[in-house]
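*Asks:* Pasted the sequence and its predicted model underneath.
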Amino acid sequence: MKTENQKAWFFVLPVLVLVAFNALIPMMTVVNYSVQETFGDNVFFWQGLDWFQQILRSERFHAALGRQFLFTGLILAIEVPLGIAIALSMPRKGIWVPVCLVLMALPMLIPWNVVGAMWNIFTLPDIGLLGYFLNHVLGISYDMTQDPIAAWVTIITMDVWHWTSLVVLLAYAGLVSIPDAYYQAAKIDGATNWSVFRFIQLPKMKTVLTIAILLRFMDSFNIYTEPFVLTGGGPGNSTTMLSIDLVKIALGQFDLGPAAAMSLIYFAITLLVSWLFYTLMTKDDLN
Amino acid sequence: MAKITLSKLRHSYFPNPKSPSDYALKEIDLDWSDGGAYALLGPSGCGKSTLLNIISGLLVPSEGQILFDGQDVTELAPDKRNIAQVFQFPVIYDTMTVYDNLAFPLRNRGRDEATVRERVMAIAEMLEVTEMLEQKAAGLSPDNKQKISMGRGLVREDVNVVMFDEPLTVIDPHLKWKLRSKLKELHQRVKATMIYVTHDQTEALTFADQVVVMQLGEVVQIGTPVELFERPAHTFVGHFIGSPGMNVLPCRVEGGTAFFGDQAIALEGPIQGSPTANTEIGIRPEFVSLADSGLPATVTKVSDVGRHTVVECLANGTRINAITEGAGPDKGAAVHLNFTQSQTRLYVDGWIATLPQEAQT
């Protein structure tokens, strides 16, 4: 005889409460706002899908989305190959291993707004180390508060500096798990360095690289703090990423309806791209 | 295919070796003839893998030379030596098909696709993997993966020597036997020199024509499986080969006669020199019989291992195994042990010190 026991609910309950408060309820609030119009005082008017249409058709959203994809694309195109290259050139054994690992981990330990502030000061044309050096020693005109190109270069460089380590550490973890016999066999088979990379190292790093790219995609696609502190989205709108634009609409203009609709679209895009990428990368493993 | 000569080979993993114990390999001189099947047998850490890596070129020896057909290859890189090596854990290129895996060493050496196809098909058929050729190598079972890594070695027609470094470690027991006979068959078909490293005596004795037994970086004996079994040159070989291993009884030698306790033991032949210390008598359990007279002993354990019975006895505080047919005596019984004279040898400092009977005439 099996005795009925309802105790299990008590164990599930804390998780349920936690998930409800940290995900479900905020999410439903956003959904609520996205289909209604409010002028405060808890007065709501039904709006249907109007806000979604408005956002999807707005040029401002298209521009921010374009910048967002450009930013994410650029940092992935730099950080992934660079991370792999650094991981490949790191020592596999010996006393330099911990030194390299600690040095690599350092940038990731710095809070995001501090990173933004650091780079802001670093690049100031009159007092910043880099800014002063470029302008007054090399004579290159560089001011990210005036020049969109300079702003982009700074933001990309900052992100590469901050996050390449993540790719390095994950790629390195994949590399050290390759047994020596693979390298020895490749030597005997007469494989070139490129073949060793292409047929041994890259396949063995595939899983960790998938995770690295996924993490970097999600993080960079949702990036807010660093560009906000560094450029505030400027000059003009040139570095206004999706999240900065979203905050401007929600808090600057207090357009809660369109902001809610935009966050849902934003969320859907992140989810869709991540899902597509992960499915494509792991479909071979299932067969 | 080539004759392999190792000349005064020594290797140490330390930059400045001083004492002999710093050497992983202590002075090795060996001649391996073309097309032979050899085994390097020894316990873990005896230096057999070091020796293998020196032959394949993955390691450069501290001293000495390696010659392939009389040519010095000591400093040559692995891919220049035309050798093949099969590792303990199967090495395959996961992202390639089985066909591409087998073709890889040939393509790296710039062979044209027609030659590649011909060789790959021939090897695939030999290994019975033809129907898997288009499959991704990652999905194969361990024994098939190991077959593919063997195939990558055999696919080159001009390979000097194929080396196996404990290749059956990760293979399921019931497939080990199959793969082992496949190996033997391959050796007969391709006629390449093959060196098989293992710590498993069954694998070594069934595969090789000549077995090299190693201990602590030294070659203790080279011989056919029969020689190693019948006349171990060192007590270590006696221990290591055979199940159970050779009995080794401490003894004293007085006036050319060996005494175990008070009992004089008849040896196979005269003793060389006049040893005084560290003398031992060696006799295999197969040649110890239970008799009415002889060395008195007490039975301490009887184990029926199927084909025969192993009787473990104690005489003068030393354990002696005897192998008998049929049921053995009871535990605790007092018995007498008889040694077959022609198989009873004297060892001094571990090394054999009696001459066989026929050598006297």
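*Replies:* Alright, I've got the coordinates. Residues are numbered from 1 along each chain as shown, chains lettered A, B, ... in the order given.
*Asks:* Could you chop chain B up by domain?
*Replies:* The record's domain split for chain B, according to automatic domain parsing, is B:4-230, B:244-360.
*Asks:* Out of those domains, which is closest to A:F133?
*Replies:* domain B:4-230 (45.4 Å; CB to CB). To be clear about C-beta, it is placed using only N, CA and C from the backbone, and glycine gets the same treatment.
*Asks:* follow-up on the earlier one: how about the domains of chain B in CSV, adding mean neighbour count, mean pLDDT and distance to A:F10?
*Replies:* Below are the domains of chain B laid out as CSV (neighbours: other CB atoms under 10 Å in any protein chain shown; pLDDT from 0 to 100; distance: least, CB to CB, whole Å):
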stretch, mean neighbour count, mean pLDDT, distance to A:F10
domain B:4-230, 19, 84, 45
domain B:244-360, 16, 83, 57
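*Asks:* quick one, which of those is nearest to chain A?
*Replies:* Among the domains of chain B, domain B:4-230 comes nearest to chain A, with 3.9 Å by CB to the nearest CB.
*Asks:* Show the end-to-end separation of the closest one, please.
*Replies:* 27 Å (CA to CA, to the nearest Å).
*Asks:* which parts of chain A sit against chain B?
*Replies:* Residues of chain A lying near chain B by CB under 8 Å from any CB of the partner chain: A:179, A:181-182, A:184-185, A:187-192, A:195, A:199-200, A:203-204, A:287.
*Asks:* Now a ChimeraX select for only the buried ones of these.
*Replies:* The buried subset of the residues of chain A next to chain B, as determined by 16 or more other CB atoms under 10 Å in any protein chain shown, is captured in ChimeraX by this line:
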select /A:181,182,184,185,187,188,189,190,191,195,199,200,203,204
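*Asks:* Out of the residues of chain A next to chain B, which sit inside helices?
*Replies:* Judged by DSSP state H, the subset of these located in helices is A:A181, A:Y182, A:Q184, A:A185, A:K187, A:I188, A:S195, A:P203, A:K204.
*Asks:* shouldn't A:L134 be in contact with A:I140?
*Replies:* Yes - in this structure A:L134 lies within contact range of A:I140 using CB atoms under 8 Å: 4.8 Å.
*Asks:* in which helix or strand would I find A:F69?
*Replies:* Element membership for A:F69, per DSSP states H and E: helix A:59-89.
*Asks:* returning to what we had before: so which of A:L134 and A:I140 has more stuff around it?
*Replies:* A:L134 (18 against 10; other CB atoms under 10 Å in any protein chain shown).
*Asks:* quick one: contacts for that one?
*Replies:* A:P125, A:I140, A:Y142 (CB atoms under 8 Å, 6 or more residues apart in numbering or on different chains).
*Asks:* I'd like those residues as JSON lines, with secondary structure and pLDDT appended.
*Replies:* Shown next, in JSON lines, are those (DSSP: H, G, I helix; E, B strand; the rest coil; pLDDT from 0 to 100):
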{"residue": "A:P125", "secondary structure": "coil", "pLDDT": "80"}
{"residue": "A:I140", "secondary structure": "coil", "pLDDT": "79"}
{"residue": "A:Y142", "secondary structure": "coil", "pLDDT": "75"}
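*Asks:* Can you tell me which residues in the stretch 1-150 of chain B are near chain A?
*Replies:* Residues of the stretch 1-150 of chain B lying close to chain A by CB under 8 Å from any CB are B:53, B:56, B:58, B:77-79, B:83-85, B:87-89, B:91, B:93-96, B:104-105, B:108-109, B:139, B:149.
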